[in-house]
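Peer 1: Quick one: sequence and predicted model below, then my questions.
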There are 2 protein chains.
Amino acid sequence: METLTVELGTRSYPIYIGQNLFSGAELLQQHIRGKQVMIVSNTTVAPLYLEQIMNMLAQYQSASVVLPDGEKYKNLDTLNQIYTALLENNFDRSCTLIALGGGVVGDMTGFAAASYQRGVDFIQIPTTLLSQVDSSVGGKTGVNHALGKNMIGAFHQPNAVLINTDTLDTLPDRELSAGLAEIIKYGALGDEPFFEWLESHMSQLLQRDVSKLVYAIKHSCEDKAKIVAADERESGQRALLNLGHTFGHAIETAMGYGNWLHGEAVGAGMILAAELSEKMGWIDKKDVTRLQNLTKLAGLPVNYPPEMTAEQFIELMMRDKKALQGKIRLVLLKSIGNAIVSADYDESALLNTLNEHHQPSTGH
Amino acid sequence: METLTVELGTRSYPIYIGQNLFSGAELLQQHIRGKQVMIVSNTTVAPLYLEQIMNMLAQYQSASVVLPDGEKYKNLDTLNQIYTALLENNFDRSCTLIALGGGVVGDMTGFAAASYQRGVDFIQIPTTLLSQVDSSVGGKTGVNHALGKNMIGAFHQPNAVLINTDTLDTLPDRELSAGLAEIIKYGALGDEPFFEWLESHMSQLLQRDVSKLVYAIKHSCEDKAKIVAADERESGQRALLNLGHTFGHAIETAMGYGNWLHGEAVGAGMILAAELSEKMGWIDKKDVTRLQNLTKLAGLPVNYPPEMTAEQFIELMMRDKKALQGKIRLVLLKSIGNAIVSADYDESALLNTLNEHHQPSTGH
């Protein structure tokens, strides 16, 4: 088992990564302070792992709530189901919530923990590759609004993150690819050697080679933990983690939550960011090609949905959290491994980038 | 104009108290950092003051959202109307929310500010006596759940609190009395001289003598600011501010939100707390009588609703945030001006206190 720490002073917490982490109960129990534990899961993950987790909590007053599965349920109504379960069980301020599932379960459970009785403890047990390398680490929690993704939420750090790589055995291929998009992101935004490593080992990752997956997860979590430790509330460099996300959120909102997986939208969004960066003369065509090839190799779409127009993109991106004072700030590339946050790009270059993608005849 | 400061390090903020505070715009503007301002009000207060506030914000991109009035609308659905208004206006992270109304508007606006894009600025302009002396100060924000009051929320401090006592001119008598309940509370829990002052000046307060109201508001805010500064997140003495509230929340929940005003429920709750304290031998009968008389003088009910039973009370109180590990913690009195938080009372004395009130023939 590998252990990392997210360094945040009194709110520091460990990330455990390894196989077979559901067999002993101690690892989990040492991070539970009270006697009441609520496990939050969904209809896909609960049948696979809920019983194992419940068995680890025999001496606690434990209960569970199973939510419908999918990004389209990541909203206030579903969140309310968690509050209702907590209140029906008379859970008090000393309780702990456990998120057992992917990013949607983690984000909603985290926000429920941030807001139930103005804040209780929670633990992340992410079961998808995407949530293991991204959303379970760093304390961003929240739900979507019909008019924008993750618009309602809080910063609330977990007590611990347990990444049991055995859970990847049951993950569909499409979701494995979606997780790889976020892993590629860490290379592209600030870690060129890792990007190269991914170019060499992508096929092994797709074949679910355990040691390679553990390496990629650990490396991704390390990269993220460093950035979060330096800038917890995203006043500066943490925004780099949004590479591909402003474009990606627009895709997710336009297509209806869940029709494009978050990782898929981020993958296509990173390529748009790279192409705009190329148009600005910041990176070479070959950098764009490297990113396109690696994304394709990971089994991800490289073009945005043909249903969308450039105008729709821009309207949706204006609503994104990264917009400020009416200008869309984007994470763009100076090279592979060197991203910047900028509103200092040509708006016509942005429009051209989007328009070229919109015409299937351009060869993308 | 009087000015106090709530001392919370980098999150310190001023409370301004006085007449005529809506005539100049500077006081408000100095606390707005960005260009976008959303005023949140309700159908009762907006017709009276919204235009004045909008006029103070001519050079900002300002908008407003008017919510239905009443505690029964303090829920996630109404909260969502605030998010929708923010998103429809493309408001970004640099925006400021202004709460213009009573405690319900303040609590919901504060929680919207705590959670919109994971946290934006807000300013409190409380227009009821109760919100001026209590809920607008201290950063407790949130909404109710069908199963319990204020169960969903966050600690989120405002940038400033503007208390314009002119707004009390339009306040119904019943709401004035409800505000007086919270004012009496400060005396009862930790300020015997203030309690005495209230005994001497209650009739002037009911006649809305401005200088007496300003004194009572300022004194209450000072008492609260001191406690909040010492214990922002209620790990200790801040819990004393809940005198009467555990009983009171049970009344509000049982009767349906809004049928008993919060202050009315707190007034009746304080008397129950005093009577239980007397049964425990901690205070004298004459202290209970003083509290009953002052509460009555303020125009408040002194008995809980006859529809409620002792058993229902206990069930509802078990769900309150002050319950911990299955035991109801209550704020009780050692004397007028000296409250303690305790779970160390006789459960049969609690049951007797509630049962005696339930029988109209006991003379209460």
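Peer 2: Looks like it arrived, so ask away. Numbers count the residues shown, from 1 in each chain, chains lettered A, B, ... in the order given.
Peer 1: what about the strands in the stretch 51-200 of chain A?
Peer 2: Counting by DSSP state E, counting those that start in this stretch, the stretch 51-200 of chain A has strands at residues A:61-67, A:96-101, A:121-126, A:140-145, A:148-155, A:160-164.
Peer 1: Using CSV, lay out these together with distance to chain B.
Peer 2: (C-beta placed from N, C-alpha, C; glycine too.) Rendered in CSV, the data for these read as follows (distance: least, Cβ to the nearest Cβ, whole Å):
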stretch, distance to chain B
strand A:61-67, 9
strand A:96-101, 13
strand A:121-126, 14
strand A:140-145, 5
strand A:148-155, 5
strand A:160-164, 19
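Peer 1: from these, which stretch is densest packed?
Peer 2: Of all those, strand A:96-101 carries the top mean neighbour count, a mean of 28, counting by mean count of other Cβ atoms under 10 Å in any protein chain shown.
Peer 1: can you state the direction angle for that strand and strand A:140-145?
Peer 2: 60 degrees (axes from the mean of the first three to the mean of the last three Cα atoms, to 10 degrees).
Peer 1: So in that sheet, which strands flank strand A:96-101, and in what orientation?
Peer 2: The strands beside strand A:96-101 in its sheet (DSSP bridges) come out as strand A:36-42 (parallel), strand A:121-126 (parallel).
Peer 1: who touches the shortest one?
Peer 2: It stands for strand A:121-126. Residues outside strand A:121-126 that contact it (Cβ atoms under 8 Å, 6 or more residues apart in numbering or on different chains) are A:28, A:31-34, A:49, A:53, A:95-103, A:106, A:109-110, A:112-113, A:131-132, A:135-137, A:156, A:158-164, A:167.
Peer 1: angle of it against strand A:160-164?
Peer 2: Using the same axes, to 10 degrees: strand A:121-126 against strand A:160-164 is 20 degrees.
Peer 1: what's the answer for the first one, then?
Peer 2: Counting by the same axes, to 10 degrees, strand A:36-42 points 50 degrees away from the direction of strand A:160-164.
Peer 1: quick one: strand A:36-42 to strand A:61-67, angle?
Peer 2: 20 degrees.
Peer 1: cool, and the last one?
Peer 2: Relative orientation of strand A:121-126 versus strand A:61-67 (the same axes, to 10 degrees): 50 degrees.
Peer 1: and strand A:121-126, how far from the chain's centre?
Peer 2: Relative to the centre of its chain, strand A:121-126 is centred 14 Å away, using Cα atoms, centre = their mean, to the nearest Å.
Peer 1: Make JSON lines out of the strands of the stretch 51-200 of chain A and add distance to residue B:6 and mean pLDDT.
Peer 2: Shown next, in JSON lines, are the strands of the stretch 51-200 of chain A (distance: least, Cβ to Cβ, whole Å; pLDDT from 0 to 100):
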{"stretch": "strand A:61-67", "distance to residue B:6": "37", "mean pLDDT": "98"}
{"stretch": "strand A:96-101", "distance to residue B:6": "31", "mean pLDDT": "98"}
{"stretch": "strand A:121-126", "distance to residue B:6": "27", "mean pLDDT": "98"}
{"stretch": "strand A:140-145", "distance to residue B:6": "27", "mean pLDDT": "96"}
{"stretch": "strand A:148-155", "distance to residue B:6": "22", "mean pLDDT": "94"}
{"stretch": "strand A:160-164", "distance to residue B:6": "34", "mean pLDDT": "98"}
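Peer 1: Reformat these as TSV; add distance to residue A:248.
Peer 2: Below are the strands of the stretch 51-200 of chain A laid out as TSV (distance: least, Cβ to Cβ, whole Å):
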stretch	distance to residue A:248
strand A:61-67	23
strand A:96-101	21
strand A:121-126	19
strand A:140-145	13
strand A:148-155	9
strand A:160-164	23
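Peer 1: picking that back up, can you add distance to residue B:194 and give the strands paired with strand A:96-101 back as CSV?
Peer 2: Below are those laid out as CSV (distance: least, Cβ to Cβ, whole Å):
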stretch, distance to residue B:194
strand A:36-42, 39
strand A:121-126, 38
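Peer 1: for those, which one sits closest to residue B:335?
Peer 2: Of all those, it is strand A:36-42 that lies closest to residue B:335, at 35.4 Å by Cβ to Cβ.
Peer 1: got the CA positions of that closest one in CSV?
Peer 2: These are the backbone C-alpha positions of strand A:36-42, laid out as CSV (Å, rounded to 0.1, in the frame of the first residue of the first chain):
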residue,chain,number,x,y,z
GLN,A,36,-22.5,7.3,13.7
VAL,A,37,-21.5,6.5,10.1
MET,A,38,-23.6,7.0,7.0
ILE,A,39,-22.4,5.4,3.8
VAL,A,40,-23.5,7.1,0.6
SER,A,41,-23.4,5.1,-2.6
ASN,A,42,-25.3,4.6,-5.8
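Peer 1: contacts for it?
Peer 2: Looking at strand A:36-42 with Cβ under 8 Å, 6+ apart, the contacting residues turn out to be A:49-50, A:53-54, A:57, A:60-70, A:82, A:85-86, A:89, A:91-92, A:94-102, A:104-105, A:108-109, A:112.
Peer 1: pLDDT averaged over it - what is it?
Peer 2: For strand A:36-42, mean pLDDT is 98.
Peer 1: Residue A:247 is nearest to which of the strands of the stretch 51-200 of chain A?
Peer 2: With Cβ to Cβ, the closest approach to residue A:247 among those belongs to strand A:148-155: 12.0 Å.
Peer 1: helices or strands next to the closest one in the packing?
Peer 2: Under the contact definition 3 or more Cβ pairs under 8 Å, 6 or more residues apart in numbering or on different chains; DSSP states H and E, strand A:148-155 sits against helix A:103-115, strand A:140-145, helix A:245-255, helix B:76-88, helix B:103-115.
Peer 1: any idea of the angle the last one forms with strand B:36-42?
Peer 2: Note on geometry: by the same axes, to 10 degrees, helix B:103-115 and strand B:36-42 are set 150 degrees apart in direction.
Peer 1: helices and strands around helix B:103-115, which ones?
Peer 2: helix A:103-115, strand A:148-155, strand B:36-42, helix B:76-88, strand B:96-101, strand B:121-126, strand B:140-145, strand B:148-155.
Peer 1: and the last one with strand A:148-155, angle?
Peer 2: Right, the one you point to is strand B:148-155. Using the same axes, to 10 degrees: strand B:148-155 against strand A:148-155 is 90 degrees.
Peer 1: Would you mind getting the angle between strand B:148-155 and helix B:245-255?
Peer 2: 120 degrees.
Peer 1: How about the fourth one?
Peer 2: Inter-element angle recorded for helix B:76-88 and helix B:245-255: 90 degrees (by the same axes, to 10 degrees).
Peer 1: and the stretch 151-300 of chain A, which residues reach chain B?
Peer 2: For the stretch 151-300 of chain A, the residues in contact with chain B (Cβ under 8 Å from any Cβ of the partner chain) are A:151-155, A:233.
Peer 1: which among the residues you listed gets closest to residue B:205?
Peer 2: residue A:154 (39.1 Å).
Peer 1: how many other residues sit next to the residue lying closest to residue A:251 once chain neighbours are set aside?
Peer 2: Distances taken as Cβ to Cβ, 6 or more residues apart in numbering or on different chains place residue A:265 nearest to residue A:251, at 4.1 Å, with adjacent residues excluded. Each residue near residue A:265 was counted by other Cβ atoms under 10 Å in any protein chain shown, and the total is 29.
Peer 1: show me what contacts residue A:265?
Peer 2: Going by Cβ under 8 Å, 6+ apart, the list of residues near residue A:265 reads A:244, A:247-249, A:251-252, A:255.
Peer 1: Serialize those residues to CSV and add fields for neighbour count.
Peer 2: Converted to CSV, these look like this (neighbours: other Cβ atoms under 10 Å in any protein chain shown):
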residue, neighbour count
A:244, 31
A:247, 30
A:248, 27
A:249, 26
A:251, 28
A:252, 25
A:255, 16
